[in-house]
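Novice: Using only what follows, build the 3D model:
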Amino acid sequence: MRHRRRTASSLVVQLLTRPSVVLVACLLGGATPANAQSDSTRPRQLTVRVVATPETVPLAYAVVAVAALGIERFTNASGVVAIPVPAPGRVTLRVKRLGFTPKDTTVTVTDAASQSVVVALARVEVKLEAVTVVAWPPCKRPGIPRRGGDARVRTVVEQIRQNAERYRLLTKTYPFNYASLREMGQRELDGTEQIESADTIVVTGQPSWTYRPGTLIAREDVRLLRREARNASEWVMRIPSLSDLTEQVFIDNHCFHVAGLEEKEGQRLLRIDIIAAERLKSSDVNVVAWLDPTDFQLRYATFALSKIPPQFDGLLHSINRVTYAELLPFVPVMQLMTAENLVQYEKPERRTRTFIERQRILTLAFLGERPEGVPIDPPPSAAR
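Specialist: As a prediction, this is how the structure comes out:
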């Protein structure tokens, strides 16, 4: 049976069910009251205070993990978190904070009901210069070299990983939904836009898809996202989340380049280019990310198809631009996504058209306990 090929205008971006949102919360854990347990079974409370070295400034929103106990928590606004330890003995802490080098430290927990420890983190130092290269060679040897090569790549990828870990911990501890305005339309040659449909939808912040090569373009049920959709299913382009960018399967299929400092939207930001491997047969994604060079928070990102999918006649280019805004200090959230599909038609005459799709977060609502310090007001509006 022959199937009619889809036009590129039917390509829908699936970002709202795959948000690249980085939120940071803080949780001050506490031990179970002593009068509820015997001395032999009550947990000991280990209070961890995280500071910067050498100035000993408290580091809010650092992540403290005890892998052996399955515990991972944020410090509060004062850089402090309490960890319950079930029995005396040696405990290994893994402490991380954006803009700082992660640190492992071992603490001997005594039989006392509580004790405290101070962990000092050193700032990440990366030598950065202005962008000199933006056209990279084909990615024939994907992955991050363990030895040799550009040491800055390993350092920056670790900082991107910390962005991802913060979002993962947030969604696990404080699940949330958010409402987003979704607009569909076209951009004319003179730059003016014609919005043909608009709707407000509510989606979960929990990712429902994980990056795997060959799965970025797929057909999915879109009726929950687009009530006016003509068909039950449409072609969608899935956007890898921040977590995906640091998963081994993604790293193994992409090359990472630290381009340097670049002016963007009035800011001097650190540009990172991520290129899909040449060996990939199907459509994948090339990424450009811009980080704040002082604390390595994600500010902007673009996601472009590395190859044009064969399902679409006339598709010349597909790119998605994402803007992040700071909800709280060290709490960036995806604010605005604009997808652009440039299509060329041959009949009745040759012409091009740019289809646009915009998704903008309006409000965010936590489903249970609200993280300390997160305001009730919606995220700050992003410029259109």
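Novice: residues in contact with residue 122?
Specialist: Residues in contact with residue 122 (Cβ atoms under 8 Å, 6 or more residues apart in numbering) are 52, 53, 100, 101, 103. For every residue, glycine as well, the C-beta is placed using N, CA and C.
Novice: Bridged to the closest residue in space to residue 284 that isn't next to it in sequence, which residues?
Specialist: Spatial nearest neighbour of residue 284, excluding adjacent residues (Cβ to Cβ, 6 or more residues apart in numbering): residue 276 at 3.9 Å. The partner list for residue 276 in beta bridges (DSSP bridges) reads residue 254.
Novice: Quick check: residue 276 touching residue 140?
Specialist: No. Contact between residue 276 and residue 140 fails when scored by Cβ atoms under 8 Å: they sit 11.4 Å apart.
Novice: out of the two, which sits in the busier spot?
Specialist: residue 276 (25 against 9; other Cβ atoms under 10 Å).
Novice: ok so, going back, give me the buried entries from the contacts of residue 122.
Specialist: For these, a neighbour count by 16 or more other Cβ atoms under 10 Å gives the buried set as 52, 100, 103.
Novice: element containing the closest residue to the last one other than its chain neighbours, please.
Specialist: I take that to be residue 103. Excluding the flanking residues, the one nearest residue 103 by Cβ to Cβ, 6+ apart is residue 95, at 5.1 Å. Assigned by DSSP states H and E, residue 95 belongs to strand 89-96.
Novice: how close does the residue sitting nearest the centre point of the chain get to residue 134?
Specialist: Of all residues in the chain, the one closest to the mean position by Cα atoms, centre = their mean is residue 242, 2.7 Å from it. From residue 242 across to residue 134, the span is 22 Å (Cβ to Cβ, to the nearest Å).
Novice: for the record, mean pLDDT for the helix or strand containing residue 356?
Specialist: Assigned by DSSP H and E, residue 356 belongs to strand 351-366. Strand 351-366 shows a mean pLDDT of 87.
Novice: and it, how far from the chain's centre?
Specialist: Relative to its chain's centre, strand 351-366 lies at 18 Å (Cα atoms, centre = their mean, to the nearest Å).
Novice: Name the strands paired with it and say parallel or antiparallel.
Specialist: Neighbouring strands of strand 351-366 in its sheet, by DSSP bridges, are strand 176-187 (antiparallel), strand 331-345 (antiparallel).
Novice: after the first one comes which helix or strand?
Specialist: Think strand 176-187. Downstream of strand 176-187, the first helix or strand assigned by DSSP H and E is strand 193-204.
Novice: Tell me what angle that following strand forms with strand 176-187.
Specialist: Strand 193-204 and strand 176-187 are oriented at 160 degrees to each other (axes from the mean of the first three to the mean of the last three Cα atoms, to 10 degrees).
Novice: Just the CA coordinates for strand 193-204, please, in CSV.
Specialist: Listed next in CSV are the C-alpha coordinates belonging to strand 193-204 (Å, rounded to 0.1, in the frame of the first residue of the first chain):
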residue,chain,number,x,y,z
GLU,A,193,3.5,36.5,12.5
GLN,A,194,0.0,35.1,11.9
ILE,A,195,-1.3,33.1,14.9
GLU,A,196,-3.9,30.6,13.7
SER,A,197,-4.7,28.8,17.0
ALA,A,198,-4.0,29.3,20.7
ASP,A,199,-4.8,27.2,23.7
THR,A,200,-3.8,26.8,27.3
ILE,A,201,-2.9,23.3,28.4
VAL,A,202,-1.8,21.7,31.6
VAL,A,203,1.0,19.1,31.6
THR,A,204,3.2,17.3,34.1
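Novice: For the very next helix or strand once past it, buried residues please.
Specialist: Using DSSP H and E, the helix or strand that follows strand 193-204 in sequence is strand 217-221. Burial within strand 217-221, assessed by neighbour count using 16+ other Cβ under 10 Å, is assigned to residue 217.
Novice: and what of stretch 75-94?
Specialist: Residues of stretch 75-94 classed as buried by neighbour count (16+ other Cβ under 10 Å): 75, 76, 79, 80, 81, 82, 83, 84, 85, 91, 93.
Novice: Please name the bridge partners of the fourth one.
Specialist: As for beta bridges, residue 80 partners with residue 49 under DSSP bridges.
Novice: could you list every residue that touches it?
Specialist: Residue 80 sits next to 28, 47, 48, 49, 50, 58 when contact means Cβ under 8 Å, 6+ apart.
Novice: Lovely, talk soon.
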